[in-house]
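Peer 1: Kindly return the folded structure for what I paste below:
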Amino acid sequence: MNQLSGRTLPRADDGSVPELTPPASELGHLGKEENQSMSNSFIQSFAAITMVGVAFLLFLAIRAYMAAASERRMRSMLERVGIDPIIVASGDTTKIIKEIRQRCRTCSTEAVCERWLCGEEQGGNDFCPNANVFATLREMPRADSA
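Peer 2: Down below sits the predicted model:
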C-alpha cells in the first residue's frame, strides 16, 4: 500500500493503483454543494455591501442634519445678539461667517446654546466660541441703515 496525503491506497491484484474518481452520482451532488456555497457567498457579499452603503448614507444624513442644526443655531445667535442676519450673505464678511460657521459645527456647547437661544439659560453668550466675533460684528452698520 502507498501513502498519499496521509491515506493508504489499496492496490489491485495486479499491483496497480485503482482510479480514485468518485462515481458520477457523487460528482453531481458535490457540484450542487459548491453552487449552494457560491450562492451563499454571493448573498453574504451583497448583504455586506448593502449594509456598508446604508451605513454610509446614514452617516451622510446625520452630517446633513447636524450641519442644518448648526446653521439654524448660528443664525438664531446672530439675531439674538443683535446682528443683522443679512450679514451672512454679505460679500464683506464671507470669510468671517465661514469661520463662525465652522466653529458652530464643531462646538462642544450645543446644548447650552440651544437653551440660551430658547431663553432657558440666563446671562450672556460667554459660553459661545464666537462671542468675541459676534461682539465685533454687532459694531458693523446694519444693512437697512446704510
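Peer 1: Can you show me the helices along this structure?
Peer 2: 24-80, 94-105, 110-117, 131-138 (DSSP state H).
Peer 1: among the ones you listed, which is nearest Ile86?
Peer 2: Ranking the helices of the chain by proximity to Ile86 (CB to CB) places helix 24-80 first, at 9.6 Å. (Glycine included, C-beta is placed from N, CA and C.)
Peer 1: Which among the helices of the chain is found nearest to Gly124?
Peer 2: Comparing the helices of the chain by CB to CB, helix 131-138 comes nearest, at 7.4 Å.
Peer 1: Contact partners for Ala135?
Peer 2: Val81 (CB atoms under 8 Å, 6 or more residues apart in numbering).
Peer 1: any chance of the helices of the chain in TSV, with mean pLDDT and distance to Ile87 too?
Peer 2: TSV is the format used below for these (pLDDT from 0 to 100; distance: least, CB to CB, whole Å):
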stretch	mean pLDDT	distance to Ile87
helix 24-80	83	7
helix 94-105	86	7
helix 110-117	91	18
helix 131-138	86	6
